[in-house]
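Asker: Quick check, what structure comes out for this input:
(one chain, ligands or ions: 1)
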Amino acid sequence: MARSLDRLYKGFRNLVSLSAMWSMKHPIYSVSSRSPSVRSMAVLPFSFSKPWDFSLPNPSWGPEMMQLYEHYNSMCEVETEGEEKQESSWKRLPGYNRLLKYATGGVYLSKMIQSKARLFTRNIREPGAGFEYVLFVNIKEQKCVCILQAGHLLEGPPGHVHGGAIATMIDTVTGCLASLSGAAMTANLNINYRSPIPLGSTVVMESFLDKKEGRKMFVSCKVTSPDGTKLHTEATALFLSINLNHLMGR
Ligand SMILES: CCCCCCCCCCCC(=O)SCCNC(=O)CCNC(=O)[C@H](O)C(C)(C)COP(=O)(O)OP(=O)(O)OC[C@H]1O[C@@H](n2cnc3c(N)ncnc32)[C@H](O)[C@@H]1OP(=O)(O)O
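Answerer: Predicted coordinates for the structure are as follows:
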């Protein structure tokens, strides 16, 4: 059982290499310059019963989100040095509403745990209403960048994003970085909220692996405005690598 779970988890890492395949299957949508409210009413051309890569643009993405997406996505392309082609160290992570479902062997793991379980951050059906985000990882630099557009259903203080929603995304981004080399869980998360994030705005979340000591991974995260001039949130987190049996209650 332990061996088969480990094999399944390795499928998560395969998601990184699946990204190229998925972008071919779901070509990027053109985004109009309609107002945010009109954009958020647009209906996505997919059904939740089929796997859908949420990390690809949809009509609710505003100009800042699109600009940043295109910037980081272009860094994922193959780099050419003279005659030689080199794979870029940047990868876009595809985003599904079930973490392991579409990775190798993931369907089996999904059934084994809870068939109705879905990833918290990918559950709001109305485009643009909740967490619109895409994650890019740089494996060489042990760095993760998330572009987030926070929708109106994430309200905390009037007109601004709920601190818990921000914490959720910080946990997701730092967790993703910590999990690149194997399963890991958050042991500790410290957050300093420096300035409120207006609903509907786009922010950049950057996460770095600061230190690794045995099973412990110390990760930091910074949330800023797209141009980097405004600091919204800072966080540090401790992740512990785990054996997947830890999740099976054994
Ligand atoms: C999956 C793909 C995702 C990929 C994509 C990611 C998307 C979502 C990511 C979300 C991630 C989450 O939300 S995870 C969900 C939230 N987290 C949880 O529910 C975790 C609940 N806690 C636990 O299960 C456990 O406490 C663990 C696994 C964190 C640690 O338990 P353990 O493995 O038994 O380790 P333990 O012996 O207690 O501790 C080992 C060492 O770490 C230290 N240590 C332990 N906890 C702490 C702590 N809070 N603060 C400081 N230090 C600590 C201990 O002192 C010890 O140090 P020394 O004596 O060795 O020096």
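
Asker: Can you verify my assumption that Met65 contacts Gln149?
Answerer: Yes. Counting by Cβ atoms under 8 Å, Met65 does reach Gln149; the two are 4.5 Å apart. C-beta coordinates here come from the backbone N, C-alpha and C atoms, glycine included.

Asker: joint contacts of those two?
Answerer: Common neighbours of Met65 and Gln149 (criterion: Cβ atoms under 8 Å, 6 or more residues apart in numbering): 132, 202.

Asker: residue contacts, the closest residue to the ligand within the chain?
Answerer: Residue of the chain nearest the ligand, by Cβ to the nearest ligand atom: Gly175 (2.7 Å). When contacts are counted by Cβ under 8 Å, 6+ apart, Gly175 touches 184-186, 237, 239.

Asker: Can you pull the phi/psi pair for it?
Answerer: phi -70, psi -40 (degrees, to the nearest 10).

Asker: Mind checking what secondary structure Tyr133 has?
Answerer: Following DSSP: H, G, I helix; E, B strand; the rest coil, Tyr133 is assigned to strand.

Asker: That one against Gly151, yeah?
Answerer: No. In this structure, Tyr133 is not within contact of Gly151 by Cβ under 8 Å, at 10.4 Å.

Asker: Can you list phi and psi of Ile166 for me?
Answerer: phi -70, psi -40.

Asker: In contact with the residue nearest to Ile124 when sequence neighbours are not counted: list those residues for me.
Answerer: Spatially, and ignoring its direct neighbours in sequence, Ile124 is nearest to Gly130 (3.1 Å; Cβ to Cβ, 6 or more residues apart in numbering). Contact analysis of Gly130 by Cβ under 8 Å, 6+ apart lists 121, 123-124, 151, 153-154.
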